[in-house]
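[1] I'd like to go over a predicted model; first the sequence, then the structure.
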Amino acid sequence: MFFSIYFVTLWLKQRLSIMEPNDMMINGQDFSIFVAQAVRIFWGTKERQLSKSGDSSNRGAVVGGKQLDGFIDLIKKVAIKSGIREEFIITDKNYLPGYFRSSKDWDMLIISPSGKLIAAVELKSQVGSYGNNFNNRTEEAIGSAVDLWTAFREGQFPNQLAPWVGWMMIVGRDKSSERPVRNNNPYFPVRPEFEGASYLDRYRILCQKLILERHYSCASALWTSDANTFGDLASDISISRFLKSLSNHLSSVSDEFK
């Protein structure tokens, strides 16, 4: 009986990619408590917005914003722990010039004292309405990256090395996101990795390909079912790897802040 429970527990951890506390050690500090806090803020804010809007659908929370403030605060804490003073961490009016459009408002920027773009971070979430919004999230992620890197190539951020650019997705884990999604392929077959893939699978594939194609320095996808239940969609796109990647980059450019 003991061995059965052990192996079932081990299988579930591997299946759900539940984070272990030691995975979140960054510069000698355990950030797992801040990740859990960010998830609680996400759900608490979402529920309050739905209650105030009087809308039983998800729209009230979607248009309300602020659900991801806990994650922004988490990333800010990592940056400060990595030696960046708070005055150089921008979380308001974070506009960067683009190439295909004049500018885009990112969720967080880190700008050096000399005015160099050190890092840019974008955060998105989706709980419910997966069929309506998955393609929008995908197009936003790819479009923002292509716009930024093309602007960088064309000299909008002169006299500096490439910045660290990150994309983080918080996605609901429920029956709608777990079930396989029908593909629309009346004329040509879709790629094999999309056959039988759920929306959770598709977000995993998206994040992995965003890194593979170098659209982002790092991408992360975190699933959550409620305020106390969450985990990584895959180890190579874990929130731990995301935060450590940012921290390592900030350490490598520490001379810019002296």
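    Nice, I can see it.
[2] Please name the nearest non-neighbouring residue to residue 250.
    Closest residue to residue 250 apart from its sequence neighbours, by CB to CB, 6 or more residues apart in numbering: residue 82 at 4.1 Å. (C-beta placed from N, C-alpha, C; glycine too.)
[3] Repeat that for residue 29.
    Closest to residue 29 by CB to CB, 6+ apart is residue 81, at 5.8 Å.
[4] List the buried residues in the longest helix along the chain.
    Assignment by DSSP state H gives helix 130-153 as the longest helix of the chain. Of all the residues in helix 130-153, those buried under the rule 16 or more other CB atoms under 10 Å are 130, 133-134, 137-138, 141-142, 144-145, 147-149, 151-152.
[5] Output the contacting helices and strands for that helix.
    strand 95-97, strand 103-105, strand 117-126, strand 164-172, helix 199-212 (3 or more CB pairs under 8 Å, 6 or more residues apart in numbering; DSSP states H and E).
[6] Show me the one of those that comes nearest residue 255.
    Proximity to residue 255 (CB to CB) singles out strand 117-126 among the helices and strands packed on helix 130-153, at 11.4 Å.
[7] from the chain's centre, how far out does the host helix or strand of residue 249 sit?
    Assignment of secondary structure by DSSP states H and E places residue 249 within helix 239-252. Offset of helix 239-252 from its chain centre (CA atoms, centre = their mean, to the nearest Å): 13 Å.
[8] Relative to residue 106, how far out is residue 252?
    Using CB to CB, to the nearest Å, we find residue 252 at a distance of 21 Å from residue 106.
[9] Compare those two (neighbour count), which wins?
    Taking neighbours as other CB atoms under 10 Å, residue 252 and residue 106 compare with residue 106 leading, 21 against 11.
[10] give me phi/psi at that one?
    The phi and psi values for residue 106, taken as degrees, to the nearest 10, are phi -90, psi 170.
[11] next one: the one 3 residues further on
    For residue 109, the backbone dihedrals (degrees, to the nearest 10) come out as phi -130, psi 150.
[12] Relative to residue 240, which of the helices and strands packed on helix 130-153 is closest?
    strand 164-172 (12.1 Å).
[13] Each with direction, which strands does that closest one pair with?
    If you go by DSSP bridges, strand 164-172 pairs up with strand 117-126 (parallel), strand 218-226 (parallel).
[14] can you give me the angle it makes with helix 239-252?
    Between strand 164-172 and helix 239-252, the angle comes out at 160 degrees (axes from the mean of the first three to the mean of the last three CA atoms, to 10 degrees).
[15] Just name whatever secondary elements the helix holding residue 249 is in contact with.
    Packing contacts for helix 239-252, counted by 3+ CB pairs under 8 Å, 6+ apart, involve strand 25-26, helix 69-81, strand 117-126, strand 164-172, strand 218-226.
[16] Out of the ones you listed, which gets the lowest mean score?
    Mean pLDDT per stretch puts strand 25-26 lowest among these, at a mean of 92.
[17] can you list contacts of that one?
    31, 78, 81, 82, 243, 244, 247 (CB atoms under 8 Å, 6 or more residues apart in numbering).
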